[in-house]
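A.B. asks: okay, structure incoming, though there's no sequence with it:
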């Protein structure tokens, strides 16, 4: 352990792990064997890494300055299973802003997951085995990614979305929806996930109606958005969906 690291009194570091400089580990953290916690990583409380996890390590980005360390900011209650890799933010020549790879609270990253540089992952996200995020990806709260999913750089995955196993996602995946395939397509509301999250039948019904306007009405996306604005009663789910679409830089999946 580097002498410049800051660990809460009850942190457990198991054999053969490396804790680098400027690392901060909050109370209740358990770092499993053969792990690396890279320079500049800050973890909150009750995070656990399993054997071989590499958290906050230098990014796999050829533009990264090799003599500089990026930042990795992690919340509370996250689980990083065997050989998960999380890259720190990239530091470019001439950078004037401080960036970081960010992970929220209570997420589960199953074995061999990869989170690349400058990604933002929300709360209660699940990423199944061998799923991977390219750089600058956003995963919103409550999203679930199946095994072997690949997300293209700068894409966004909406809240409570479900991405089916082995999907290749190269556009933004809508909140509340099931997206899968190669390339990925939207197949309708994530009804099981929405019910588990406690959404009411009325909310799920509204999400179904918005899906049909977007994908089954014959309207283009702009026309469908206008129809949703005019014909769907105001609710939280409507606001989330419309904000996601209007904020999309890559466009939404077909």
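C.D. replies: Perfect, thanks for sending it. Remember, it's a predicted structure, so these values are computed and weren't measured experimentally.

A.B. asks: C-alpha from now on. contacts and neighbour counts both.
C.D. replies: OK.

A.B. asks: residues in contact with residue 29?
C.D. replies: Applying Cα atoms under 8 Å, 6 or more residues apart in numbering, we find residue 29 in contact with 10, 11, 12, 44, 45, 46, 47, 48.

A.B. asks: now, the most widely separated pair of those?
C.D. replies: For the contacts of residue 29, with distances taken as Cα to Cα, the pair at the greatest spread is 12 and 44 (13.8 Å).

A.B. asks: isn't there a strand covering residue 237?
C.D. replies: No: counting by DSSP: H, G, I helix; E, B strand; the rest coil, residue 237 is not part of a strand but helix.

A.B. asks: okay, the closest residue to residue 11 other than its chain neighbours: pLDDT?
C.D. replies: With Cα to Cα, 6 or more residues apart in numbering as the measure, residue 29 is the residue that lies nearest to residue 11, at 5.0 Å, once sequence neighbours are left out. Model confidence at residue 29, given as pLDDT, is 98.

A.B. asks: surely residue 124 is in contact with residue 142?
C.D. replies: Yes: with contact defined as Cα atoms under 8 Å, residue 124 reaches residue 142; the gap is 4.9 Å.

A.B. asks: neighbour-wise, which of these two wins?
C.D. replies: Between residue 124 and residue 142, counted using other Cα atoms under 10 Å, residue 142 has the larger neighbour count: 24 against 20.

A.B. asks: list the residues that contact the more buried one.
C.D. replies: Taking Cα under 8 Å, 6+ apart as the contact definition, residue 142 lies against 122, 123, 124, 125, 126, 159, 160, 161.

A.B. asks: could you do residue 76 as well?
C.D. replies: Remark: with contacts taken as Cα under 8 Å, 6+ apart, residue 76 is in contact with 43, 44, 45, 46, 47, 104, 105, 106.

A.B. asks: again with residue 202
C.D. replies: For residue 202, the set of contacting residues under the criterion of Cα under 8 Å, 6+ apart is empty.

A.B. asks: and it, that's in a helix?
C.D. replies: Yes: with three-state DSSP as the criterion, residue 202 is part of a helix.

A.B. asks: separation between it and residue 165?
C.D. replies: The spacing between residue 202 and residue 165, counted by Cα to Cα, to the nearest Å, is 29 Å.
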